[in-house]
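> what follows is a predicted protein model with its sequence.
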Amino acid sequence: MEGDGLQLSRPPLFKGQNYVFWKMRMIGFIQYNGMQLINIIKNGIPTLIDKSGELFPFESMTKKEKCFCQNNAKARHIIMRALSEEEISKVHVMVSAKEMWDTLALTYEDSKEVEEKEEKKEEVLQRKEESYVNLGGFGLIQF
């Protein structure tokens, strides 16, 4: 992410690194643009999307459904503007902002957790190994 400050007109850029930091800044940016957008990202718009993942025809929607649809479009736009080309390619075909957000979370939160768990596991094994002292032909003693 470039720059020190958060511009109010442009979301923070995500290039595939520092996801947790980007997500924190992005939530603030989205909230600034409308609390209803956070609700759309968190809960989605399931009543407006059919089983194939396509939006129902706009003409057949109620006024409330059209509002949900417009807020989903705003949330999608904010997310798309916040992603590098490489990251956009992972989510650009998704209809709902929630699906885009969840895909990024699954891609970057889970992989980071797995890496951290593996690193911790290696550290524990290393410490355990270091806690043993080799006594030559007499075996090992743990401290």
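Sure, I can see it. Residues are numbered from 1 along each chain as shown.

> doesn't Glu86 make contact with Gly16?
Yes - Gly16 is in contact with Glu86 according to Cβ atoms under 8 Å; the separation is 6.3 Å. Every C-beta, even on glycine, is put in place using the N, C-alpha and C of the backbone.

> which one's more surrounded, the two?
Taking other Cβ atoms under 10 Å, Gly16 and Glu86 do not tie; Gly16 has more neighbours (14 against 10).

> need the three-state assignment for that one.
Secondary structure state of Gly16, per DSSP: H, G, I helix; E, B strand; the rest coil, is coil.

> could I get the contacting residues of it?
With contact taken as Cβ atoms under 8 Å, 6 or more residues apart in numbering, Gly16 is in contact with Ser84, Glu86, Glu87, Tyr108.

> got the contact list for the first one?
Going back to what we said before, that points to Ser84. Contacts of Ser84 by Cβ under 8 Å, 6+ apart are Leu13, Phe14, Lys15, Gly16.

> for the most centrally placed residue in the chain, give me its contacts.
Most central residue of the chain, judged by C-alpha distance to the mean C-alpha position with Cα atoms, centre = their mean, is Ala105 at 2.8 Å. Shown here is Ala105, whose contacts under the criterion Cβ under 8 Å, 6+ apart are Lys23.

> in terms of helices and strands, where is it?
Mapping Ala105 onto the secondary structure by DSSP states H and E places it in helix 97-130.

> can you give me the helices for the chain?
Read by DSSP state H, the chain holds these helices, from start to end of the chain: 19-33, 35-43, 63-81, 85-91, 97-130.
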